[in-house]
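Enquirer: just to be clear, the model below is a prediction. Sequence and coordinates:
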Amino acid sequence: MTDPDTDSDPDADTDTAASLAERVRAGDLSLHELEDHVDADVAARARRLLVEEQSGASLDSIGAYGFDAAAADANIENMIGAVQIPAGVVGPVSVDGGAADGDYYLPMATTEGALLASVNRGCSVIDRAGGATARVTASGMTRAPVFRVDSVVEGEALASWVRDPDNRTKVREAAEATTSHGELKEVKPYVVGDSVFVRFAYDTKDAMGMNMATIATRAACEVIESETPASLVALSGNLCTDKKPAAVNAVEGRGRSVTADVLVPREVVEERLHTTPEAVAEVNTRKNLVGSAKAGSLGFNAHVANVVAAMFLATGQDAAQVVEGSNAITTIEVREEGLYAGVSLASLEVGTVGGGTKLPTQSEGLDVLGLRGGGDPPGSNADALAECIAVGALAGELSLLSALASRHLSSAHESLGR
């Protein structure tokens, strides 16, 4: 059967999509094969026709996206359209970072009403205090394969082999041969009975780097298998740890470990946040510290995930990694000058190249920050993005804790009708 003719005529495209949908229904084509016959937009239209017929749903809004579907080829399979999330900005807020420096509007995408209003209030308070300071304190994307050994004796021998400087050189050379940008920073073994986990950490520059780390680790594992009795069981052994709550990320970090802080004068707390430093500090202690400890939480904060998720969506980050990104501790202290507030995010996995950052709207989100693409020096743009997210999280914590301290949380939602 010849491929359907496709051109720019809407009626012709509709006919072509209907023809393709019929071929899928007849079993002549699979959903994932449509792009082999037509362009990505017509293929998406054909899938919408199939889904609409099967479900009875109308997909007019999902089908009304504003970019060439081919731009999403590396980001999704079996595309039918796009889900649009309202996007806004907060700020500008002044950031004195190791990489970020200046006044920034922070792009956020969310469906939660009152979120941006709250974070924007925190940003205004930070600016009244002279701006926030932020620093990336550690960086390294991890991948931790698990190997099978016969006994703990072999496990200890493998751990010793990995620690040997000459063997580390072999492993590093094999890993780095797979990438022109990534650098292997650390290799750390963990022995658990007849399993040995080896946690690799890479400097992935401005890429979030999960794929880079995976490919490099595969090459490193081949060296380990060729020179030791160990047998690779899984390239990811869950000690990485990716997209799951994990204490190892809170302690050792993953992606970027970043902290932002600010010292807010007492009069600003009283005038703008309608509370006192003492009241905010008590809420933080009893809620974020004691309450989180009682709950067995891995994060000791009020709602860092809100800001991380919204900025991830707006800038094309991997949304599932909000799990690790919100692993944060909020520190509040009453000082003579006023209220000290800090937020430390242990495992914020972000990039300004690759993945979802290449999509048109997400690229524009990075443009708002002036951080699209690779930085100079390499890695500086991703560092700056991490610092901006940390400052946004700090603003969110200040605002929510103050709303709780002043007992204004419910009234704020009521006044905004949400």
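Expert: Noted; the coordinates are in hand.
Enquirer: excluding its backbone neighbours, what's nearest Phe67?
Expert: Pro360 (4.3 Å; Cβ to Cβ, 6 or more residues apart in numbering). Where C-beta positions appear, they are placed from N, C-alpha and C, glycine not excepted.
Enquirer: the one you found: neighbouring residues, count only.
Expert: Counted by other Cβ atoms under 10 Å, the residues lying close to Pro360 total 14.
Enquirer: quick one: contacts for it?
Expert: By Cβ atoms under 8 Å, 6 or more residues apart in numbering, the contact set of Pro360 is 66-67, 71.
Enquirer: what do you get for Arg128?
Expert: Neighbouring residues of Arg128 by Cβ under 8 Å, 6+ apart: 264-265, 268, 272.
Enquirer: need the nearest residue in space to Ile85, chain neighbours excluded.
Expert: Leaving aside its chain neighbours, Ile85 sits nearest to Ala109 (4.5 Å; criterion: Cβ to Cβ, 6+ apart).
Enquirer: can you report how many residues lie near the one you found?
Expert: Applying other Cβ under 10 Å, we find 20 other residues in the vicinity of Ala109.
Enquirer: so Gly356 lies in a strand, does it not?
Expert: No: under DSSP: H, G, I helix; E, B strand; the rest coil, Gly356 falls outside any strand and is assigned helix.
Enquirer: what's near enough to touch it?
Expert: Contacts of Gly356 (Cβ under 8 Å, 6+ apart): 75, 316-318, 362.
Enquirer: next one: Arg47
Expert: 21, 31, 34, 78-80.
Enquirer: using TSV, please lay out those residues together with neighbour count.
Expert: Shown next, in TSV, are the contacts of Arg47 (neighbours: other Cβ atoms under 10 Å):
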residue	neighbour count
Ala21	21
Leu31	16
Leu34	26
Asn78	13
Met79	22
Ile80	22
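Enquirer: tell me which element Leu184 is part of?
Expert: strand 183-192 (DSSP states H and E).
Enquirer: which residues are contacting that strand?
Expert: Outside strand 183-192, the residues that touch it by Cβ under 8 Å, 6+ apart are 140, 152, 155-156, 158-159, 162-163, 168, 171-172, 175-176, 196-203, 216, 220, 239.
Enquirer: report the contact partners of Met79.
Expert: Per Cβ under 8 Å, 6+ apart, neighbours of Met79: 40, 43-44, 47, 69, 72.
Enquirer: try 6 Å this time
Expert: The neighbourhood of Met79, defined by Cβ atoms under 6 Å, 6 or more residues apart in numbering, consists of 44, 69.
Enquirer: now do the phi/psi pair for it.
Expert: Dihedral pair for Met79: phi -60, psi 140, per degrees, to the nearest 10.
Enquirer: kindly state the pLDDT recorded for it?
Expert: If you check Met79, the pLDDT there is 95.
Enquirer: if we can go back for a sec, of the contacts of Arg128, which is the most crowded?
Expert: The most crowded member of the contacts of Arg128, judged by other Cβ under 10 Å, is Val264 (25 neighbours).
Enquirer: in a strand, that residue, correct?
Expert: Yes: looking at Val264 with three-state DSSP, it is inside a strand.
Enquirer: that one pairs with what?
Expert: Leu339 (DSSP bridges).
Enquirer: and Ser94, what element?
Expert: According to DSSP H and E, Ser94 maps onto strand 87-97.
Enquirer: now do Gly122
Expert: helix 115-128.
Enquirer: which helices and strands does the helix or strand hosting Phe197 pack with?
Expert: Counting by DSSP H and E, the element that carries Phe197 is strand 195-203. The contact analysis (3 or more Cβ pairs under 6 Å, 6 or more residues apart in numbering; DSSP states H and E) places strand 195-203 against strand 132-143, strand 146-148, helix 152-163, strand 183-192.
Enquirer: buried residues in the last one?
Expert: Going back to what we said before, that points to strand 183-192. Within strand 183-192, the residues that qualify as buried are 184-185, 187-191, counting by 16 or more other Cβ atoms under 10 Å.
Enquirer: same check, this time on the third one
Expert: Judged by neighbour count using 16+ other Cβ under 10 Å, the buried positions of helix 152-163 are 154-155, 157-159, 161-162.
Enquirer: ok, then the element right after that helix?
Expert: Assignment by DSSP H and E places the next element after helix 152-163 at helix 165-176.
Enquirer: and that next one, which residues are buried?
Expert: Under 16+ other Cβ under 10 Å, the buried positions of helix 165-176 are 167-168, 171-172, 174-176.
Enquirer: same check on stretch 195-211?
Expert: In stretch 195-211, counting by 16+ other Cβ under 10 Å, buried: 195-210.
Enquirer: can you pull out the strands in this structure?
Expert: Assigned by DSSP state E, the chain shows strands spanning 87-97, 101-109, 132-143, 146-148, 183-192, 195-203, 231-234, 255-265, 328-335, 338-348.
Enquirer: apart from its chain neighbours, what residue comes closest to Leu50?
Expert: Per Cβ to Cβ, 6+ apart, closest to Leu50 is Ala21, 5.0 Å.
Enquirer: didn't that neighbour look like it was pressed against Ala46?
Expert: Yes: between Ala21 and Ala46 a contact is recorded at 4.7 Å, counting by Cβ atoms under 6 Å.
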